[in-house]
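Participant: Quick one, structure for this:
(2 chains)
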Amino acid sequence: GAVVSQHPSWVICKSGTSVKIECRSLDFQATTMFWYRQFPKQSLMLMATSNEGSKATYEQGVEKDKFLINHASLTLSTLTVTSAHPEDSSFYICSAARHDPSYEQYFGPGTRLTVT
Amino acid sequence: GIQVEQSPPDLILQEGANSTLRCNFSDSVNNLQWFHQNPWGQLINLFYIPSGTKQNGRLSATTVATERYSLLYISSSQTTDSGVYFCAVEQSSYGKLTFGQGTILTVHP
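Facilitator: Numbering: from 1, shown residues only, chains lettered A, B, ... in the order given. Just a heads-up that it's a prediction; the model follows:
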């Protein structure tokens, strides 16, 4: 149990376009989902916390108008990178918190975004 | 914010060797998790261990919350153990994790 999927696994887009990444908890309901960004050979950096039915909470320095997060259901959260630029190229990873019996987080396989 | 330090940053082993990875944190935490990130980027849950000791096959972990550290033991290492090991801590009740910088483990046959 506790499987989280992400789609797409990788995406290449042109500068100025928008890209949507989906994160799904397949076998449990996740009130809270998280979005991380990871640069090569670095650790994970939390971008935002997504709660079902409410606005996402963004970490300091993360542009909320650029990284749009929607958590429409207990099993789906989406991250849309708007007007993407080459500096947005990165590995984006989502996680879902299983609240019962603890807040243990389970991670998706990640999405590699390349902006040309 | 809380600081999470992992050591060593890099570790090279021969297959069959044992190792200990350490995670120090600068403040009290509600929870602590250990992950293994495989070469394809997937984070695999190893332990959810806010305190005490747990074992799962060749891996075990101990967290001493009062002294603000956790240890991950890998015994009889295999090449498939290679990858990056992260510890991450949670202070709030909302599940927000702060990650350490990771330990890069390479196991040679």
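Participant: list the contacts for B:Trp62?
Facilitator: Actually, residue B:62 is Thr rather than Trp. B:49, B:52-53, B:70-71, B:73 (CB atoms under 8 Å, 6 or more residues apart in numbering or on different chains). Just so you know, the C-beta spots here come from the backbone N, C-alpha and C atoms, and that holds for glycine as well.
Participant: Check the secondary structure at B:Thr66 for me.
Facilitator: Each residue gets one of three states, and B:Thr66 gets helix by DSSP: H, G, I helix; E, B strand; the rest coil.
Participant: who's in contact with it?
Facilitator: Counting by CB under 8 Å, 6+ apart, B:Thr66 touches no other residue.
Participant: State the distance from it to chain A.
Facilitator: 20 Å (CB to the nearest CB, to the nearest Å).
Participant: Show me the beta-bridge partners of B:Cys87.
Facilitator: B:Trp34 (DSSP bridges).
Participant: can you check A:Glu104 too?
Facilitator: Listed beta-bridge partners, A:Glu104: A:Arg98 (assigned using DSSP bridges).
Participant: Note down every partner strand of the helix or strand hosting A:Tyr36 and its orientation.
Facilitator: Of the helices and strands defined by DSSP states H and E, A:Tyr36 is found in strand A:32-38. In the sheet containing strand A:32-38, the strands it pairs with under DSSP bridges are strand A:44-51 (antiparallel), strand A:90-98 (antiparallel).
Participant: pretty sure A:Ser73 is in contact with A:Glu52, am I right?
Facilitator: Yes. A:Ser73 is within contact range of A:Glu52, at 6.7 Å (criterion: CB atoms under 8 Å).
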